[in-house]
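Visitor: here's a sequence, model it:
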Amino acid sequence: MNSDDQIKNYQDILRKYSILTLMAKTVSSTLDLNKILRIILTGVTFGDGFGFNRAFLFLIDRQAKHLFGRMAIGPATPEEAWKIWNDILHKSVPLEEFLMSEKLETQNESSKLDEEIKKIKIDIDPDKVLLMCLQDGIPRNVDLTQNAPASENNDLVSDINLFEQTLLDYLDYPKFCIIPLISRTKKVGILIVDNKYNQRQITNEDTNFLLMLSQFAASSIRNTIIYNDLKNSLSALAKLNLKHKYLKEYNEKILESIPVSIIVLDHNMTITMCNENIAGIMGMDKASIVGKKIDAGMIYIDSIDLTEEVSFILANKRAEGFYKVKVKFKSNKNKNVFDVMLVPFKFSEETPEGVLIIIEDVTKTVKLEQSLNEAKRLSELGKLSAMVAHEIRNPLIAIGGYANRIKKKYLERQEINPENIEVIINEVARLEKIVNEILNFAIERKIEFKDFNICGLLLDCINLTRTAAEQGKISINIKSGSELIENNDIFINGSYDSLKQAFINVFNNAIEASETRDVVSIEIFLENENENSVLVIKVSNKAKLANEVDINNIFLPFYTTKSKGTGLGLSITKRIIKQHNGTIDVISNAENGTTFTIKLPVLQSNQPQ
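Guide: Below you'll find the predicted structure:
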């Protein structure tokens, strides 16, 4: 090589170093990934740069399992190539000027080559040359015109089997150079260049300069990806914080709009959230309540310390309700009546459980109920007065008539007729019965509850009603349950005397509705309802209630289907059963007659095994 050629060669080397410096400087001025990739590929293909015909960039995915086409620069046809070279020849724009101009942003917008590369996805196969480059960091010159098997010469690859067919179809040229993009030890992607249109040979010197380019290019690409990931994460976090703030404000607005008082306690008895309603009840500012720990003796539900009840809720993980109770706050005396509900819940999977306390002021409701009950009682008193006048009038007329007869006969003949006196006695007894039923209904006596064995009570009631049934030639038949009440102990919580009255009312009602030689059937058994044991007593007779109106109104006060009756017996019975947390129902049809069903909750049943 003569001195002119050496000078020319040195000048070319200096030019390429200048290009590397320029590209490094330009790349470092932006954090736009697309712009960085375009600068790299432009420097590789620009006529005033490295001057390759085409350049292709593939990036590795996050799982390091695939290479996907990201960007390509270069002509798609020979005609397009000659046109580009002709423009370069006439315009002679330096690379530095081009990289700083707006043309850089638009040069590749409608490139067919760039559109097609984005459709390519290559599996990273350990037996293919692309992964070999990424593993050892060594560039490969490729010449597939010979299609020779792989050799120990790593610098030149000529075995077509080392390449994915998808890549070869896309490149459509057998000679190219593969440059691995590796930032330190992190694999970033692959740069491929070729000279498809001028068919200039890719030299070792070209490969060395491309390798130097790849080092800062890989670092710039990776740093930009990390920056964009961080930027996106920060943006997502900002949106999440904004959403969290919105949800918090939204939840607070919901809490404030609910017309009840709410306290949220964590497992340490600390108030984490509340609304203004509870602040008003407690006589404190909302800001001073949140974060405050509920200590023993601070809040009472009637006589129950709130801290004890919260501990019970957390231990048993079930809700508890208190209805029409007084809630006493240490900081504020309050005479209102409240419904209180305590519900356990988890703040999240990571944090322990807490308790949601809902306090509703029902003072107005209680007063309204009292007013309605008073109005109902006055209404019933009006009915009672009319009924008393009607029921008492007939016995009084009879008593008055027979008394006058006795007086007249006594004055005339000094005689007293025993039959007349008997009529008066019977009518007085009838009056006494009417007055007693009215008093039982009108006066709600306080019932004293205690635990007792109901089996003995049922046997007493059945034996008492047998006498009344035999007088009317009516049979009492215990279809089932005789052994149950004779041989077992079934305990309930209630009033012995009140339930005796209720059972005798139902038994007598069935006897009075029956005709001569009819049978009144009684069934007694235990069953489970909602995992609780219930005692069931069924009393049946052959009589049928006349219509649906009778069935619906049979338990109403003063409603009766009998010619002689106050209509209060079944009303009193229903009230007693309800006071014992039980139920009483009736069904009636022509085929089976009428059946009353009483259900009472059982505390304990001791049956022989």
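Visitor: below-threshold pLDDT in the stretch 251-400 of the chain: ranges please.
Guide: Counting by pLDDT under 70, the stretch 251-400 of the chain has low-confidence residues at 331-333, 347-352, 380-381, 383-384, 386-391, 393-394.
Visitor: next, the buried residues of the helix or strand hosting V355.
Guide: V355 is located in strand 353-361, with elements delineated by DSSP states H and E. With burial defined by 16 or more other CB atoms under 10 Å, the residues of strand 353-361 counted as buried are G354, V355, L356, I357, I358, I359, E360, D361. All C-beta atoms are positioned from the backbone trio N, CA, C, and that covers glycine.
Visitor: equivalent analysis for stretch 68-75, please.
Guide: Within stretch 68-75, the residues that count as buried by 16+ other CB under 10 Å are G69, R70, M71, A72, I73, G74, P75.
Visitor: could you check how far the residue nearest to the spatial centre of the chain is from Y496?
Guide: Central residue of the chain (CA atoms, centre = their mean): F345, 11.1 Å from the mean position. Distance of F345 to Y496, given as CB to CB, to the nearest Å: 43 Å.
Visitor: separation between N589 and K544?
Guide: In terms of CB to CB, N589 sits 7 Å off from K544.
Visitor: who has more neighbours out of those two?
Guide: Neighbours were counted for N589 and for K544 using other CB atoms under 10 Å; K544 has more, 16 against 11.
Visitor: before we move on, back to that, mark which of the buried residues of stretch 68-75 are part of strands, please.
Guide: Residues of the buried residues of stretch 68-75 located in strands (DSSP state E): G69, R70, M71, A72, I73.
Visitor: which residues does the third one contact?
Guide: M71 makes contact with N34, L37, R38, L41, F56, L57, N108, D114, I117 under the criterion CB atoms under 8 Å, 6 or more residues apart in numbering.
Visitor: I'd like the ones in strands among the buried residues of stretch 68-75 laid out as CSV, including pLDDT and distance to L144.
Guide: Below are these laid out as CSV (pLDDT from 0 to 100; distance: CB to CB, whole Å):
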residue, pLDDT, distance to L144
G69, 94, 20
R70, 92, 24
M71, 91, 24
A72, 90, 19
I73, 87, 23
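Visitor: ok, of those, which one's closest to K330?
Guide: When these are compared for distance to K330 (CB to CB), R70 wins out at 68.9 Å.
Visitor: how close does the closest one get to K364?
Guide: Plainly put, R70 is 71 Å away from K364 if you go by CB to CB.
Visitor: returning to that earlier point: with distance to R377 added, can I get the buried residues of strand 353-361 in JSON lines?
Guide: Formatted as JSON lines, the buried residues of strand 353-361 follow (distance: CB to CB, whole Å):
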{"residue": "G354", "distance to R377": "45"}
{"residue": "V355", "distance to R377": "40"}
{"residue": "L356", "distance to R377": "38"}
{"residue": "I357", "distance to R377": "35"}
{"residue": "I358", "distance to R377": "32"}
{"residue": "I359", "distance to R377": "30"}
{"residue": "E360", "distance to R377": "27"}
{"residue": "D361", "distance to R377": "26"}
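Visitor: and of these, the nearest to E79?
Guide: Nearest to E79, judged by CB to CB, of the buried residues of strand 353-361 is G354 at 74.9 Å.
Visitor: was I right about that closest one contacting I263?
Guide: No - between G354 and I263 there is no contact under CB atoms under 8 Å: 10.2 Å.
Visitor: and N493, what element?
Guide: Element membership for N493, per DSSP H and E: strand 489-494.
Visitor: now what about the helix or strand that that strand is followed by, what contacts it?
Guide: Heading C-terminal from strand 489-494, the first helix or strand you meet, by DSSP H and E, is helix 496-512. With contacts defined as CB under 8 Å, 6+ apart, helix 496-512 is touched by 440, 447, 452, 454, 457-458, 460-462, 464-465, 468-469, 472, 474, 520, 522, 537, 539-541, 562, 569-570, 572-573, 576-577, 579-580, 584, 594, 596, 598, 600.
Visitor: done for today, thanks.
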